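> let me see the structure of the following:
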Amino acid sequence: MYITEIIGKMVIDKNANTVGKVVDANVTFPGWEVKHLLVKIGFIKKLNIEIDKVDKMGDKIILNVAKNELLKVML
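Model prediction:
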């Protein structure tokens, strides 16, 4: 999958709640591996989600954690 295919995908938590939309991805060098997804939540807030929290990637990105667990990190 290309990075351009990830940008704009909806992110859903393990309880089927909408988290937000992917706006960017952090790629490491060397290795060219995606380590984090930057997800826009609402109008202004953005959340850095580690790739190990991703369960599945297809038409939407499904996480293996709940939205409220992610938002605790922001506080």
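> the residue of the chain most remote from its centre: what secondary structure?
With C-alpha atoms, centre = their mean as the measure, the chain has its most outlying C-alpha, relative to the mean C-alpha position, at residue 30: 21.7 Å. For residue 30, the secondary structure call by DSSP: H, G, I helix; E, B strand; the rest coil comes out as coil.
> in the helix or strand harbouring residue 72, which residues are buried?
With secondary structure defined by DSSP states H and E, residue 72 is part of helix 67-74. If you call a residue buried by 16 or more other C-beta atoms under 10 Å, then helix 67-74 has these buried ones: 67, 70. Glycine gets a C-beta too; all of them are placed from N, C-alpha and C.
> dump it to CSV, keeping only the CA atoms.
Taking Å, rounded to 0.1, in the frame of the first residue of the first chain, the C-alpha atoms of helix 67-74 are listed here in CSV:
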residue,chain,number,x,y,z
LYS,A,67,-11.1,6.0,21.3
ASN,A,68,-11.2,7.1,24.9
GLU,A,69,-7.8,5.3,25.5
LEU,A,70,-6.3,7.4,22.7
LEU,A,71,-7.7,10.6,24.0
LYS,A,72,-6.2,10.0,27.5
VAL,A,73,-2.8,10.4,25.9
MET,A,74,-3.8,13.9,24.7
